[in-house]
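Asks: sequence first, predicted coordinates after that:
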Amino acid sequence: MSAFNLLHLVTKSQPVALRACGLPSGSCRDKKNCKVVFPQQELRKRLTPLQYHVTQEKGTESAFEGEYTHHKDPGIYKCVVCGTPLFKSETKFDSGSGWPSFHDVISSDAVSLTDDFSYGMHRVETSCSQCGAHLGHIFDDGPRPTGKRYCINSASLSFAHAESSSGEAACAGSSPAPASRDKTEL
């Protein structure tokens, strides 16, 4: 069955409200499922237009143009929206895809996985488990030991160098949510 026929079959049986990016905005379909919620006005001020588009509207940056695509410094990659640690530099590898790729997450509860049927295909979307920011997608064609490839947009990440990445240190350009707040509008 072609991608067009599959998309037609899905949309014919169920009315779907689509945004320009193909899906409703925000990875936490219902913001009460997110542990940390930021007002959209704050995010529009704090994030670049590309960071906002990628993390809040499920956009994608251009291949091979992201800040961290060829980045090799030791440290921790964090969510640009809330500062949650997501990936260690030791798990980063060059997949040739044009986006930063990692074979494992920093902890199993750092990233949420959701089925994504946009563009007439099935993929698995990755989102920050704390704030719901869209990160990218995960595929089963990565290296050992996991066999996974977390294909992540640079625009959804900030980076803390190894000497400043211990604990929950803040990243440049990001305002992490205080750990003591739970499901709070900041």
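Replies: Everything's here; your move.

Asks: got the contact list for the residue nearest to A110 when sequence neighbours are not counted?
Replies: Take A110 and drop its neighbours on the chain: the residue closest to it by CB to CB, 6 or more residues apart in numbering is L86, 5.2 Å away. Using the backbone N, CA and C atoms, a C-beta is placed for each residue, glycine as well. By CB atoms under 8 Å, 6 or more residues apart in numbering, L86 lies in contact with 76-79, 105-106, 110-111, 128, 135, 152, 157.

Asks: L86: which element?
Replies: Element membership of L86 [criterion: DSSP states H and E] is strand 85-88.

Asks: list the neighbouring strands of that strand plus their orientation.
Replies: Strand 85-88 has its sheet partners listed here by DSSP bridges as strand 75-79 (antiparallel).

Asks: quick check: E61 is in a strand.
Replies: No: counting by DSSP: H, G, I helix; E, B strand; the rest coil, E61 is not found in a strand; it is coil.

Asks: tell me, what residue is most central in this structure?
Replies: L135 (1.0 Å; CA atoms, centre = their mean).

Asks: what's the helix or strand where Q56 lies packed up against?
Replies: If you go by DSSP H and E, Q56 is part of helix 49-57. Under the contact criterion of 3 or more CB pairs under 8 Å, 6 or more residues apart in numbering; DSSP states H and E, helix 49-57 touches helix 40-46, strand 134-139.

Asks: by how many degrees do that helix and strand 134-139 diverge?
Replies: 70 degrees (axes from the mean of the first three to the mean of the last three CA atoms, to 10 degrees).
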